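> quick one, fold the following:
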Amino acid sequence: QVQLVESGGGLVQAGGSLRLSCAASGRTFSIYTMGWFRQAPGKEREFVAVISWSGSNTDYADSVKGRFTISRDDAKSTVYVYLQMNSLKPEDTSVYYCNAVWRNIDYWGKGTLVTVSS
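Predicted structure coming up:
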């Protein structure tokens, strides 16, 4: 059973930090490219960050570069992907989704809500 479960969302003041986690199980997610996307109310889902299967390559949306850091831990059968979010802004308020991609196969989590108050 494939599961991508996000956690770590919540309410934070502008300038604060949060760390999101994604626990991926049910497949060999160590070979998957993992990423984070977000969707604000009334807007389309957008790319936030991605990390390669090896962890050696990362990429970020321009809007979060220098503030967010993606990482992964493949040490166990469950792969964990993290998104460290610093210097949060009200415009970062969204539901954040974990994504796993390998070839033409992709999986999504159900999301975790991040609310940044001004």
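> so which helix or strand takes in the residue nearest the centre of the chain?
For the chain, the residue nearest the mean C-alpha position is residue 36 (3.0 Å; Cα atoms, centre = their mean). Per DSSP states H and E, residue 36 falls inside strand 33-39.
> could you spell out the sheet neighbours of that strand, each with its direction?
Paired with strand 33-39 in the same sheet, following DSSP bridges, are strand 46-51 (antiparallel), strand 94-102 (antiparallel).
> can I get the CA coordinates of it in CSV?
What follows is strand 33-39, C-alpha atoms only, in CSV (Å, rounded to 0.1, in the frame of the first residue of the first chain):
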residue,chain,number,x,y,z
THR,A,33,12.7,11.9,-7.2
MET,A,34,10.9,13.6,-4.4
GLY,A,35,9.4,17.0,-4.2
TRP,A,36,7.1,19.5,-2.5
PHE,A,37,4.3,21.4,-4.2
ARG,A,38,1.8,23.9,-2.7
GLN,A,39,-1.6,25.2,-3.5
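> now that strand: buried residues?
33, 34, 35, 36, 37, 38 (16 or more other Cβ atoms under 10 Å). Just so you know, the C-beta spots here come from the backbone N, C-alpha and C atoms, and that holds for glycine as well.
> my guess is the third one meets residue 52, correct?
No - the pair residue 35 and residue 52 does not pass the contact test of Cβ atoms under 8 Å, sitting 9.9 Å apart.
> before we move on, back to that, ok, residues contacting the strand holding residue 36?
For strand 33-39, contacts defined as Cβ atoms under 8 Å, 6 or more residues apart in numbering pick out 20, 22, 24, 45-53, 70, 72, 79, 81, 83, 92, 94-102, 111, 114.
> buried subset of those residues?
20, 22, 24, 48-51, 53, 70, 72, 79, 81, 83, 92, 94-100, 111, 114.
> so which helix or strand takes in the residue lying closest to residue 34 once chain neighbours are set aside?
Once flanking residues are discounted, residue 34 sits nearest to residue 81: 4.4 Å by Cβ to Cβ, 6 or more residues apart in numbering. Assigned by DSSP H and E, residue 81 belongs to strand 79-85.
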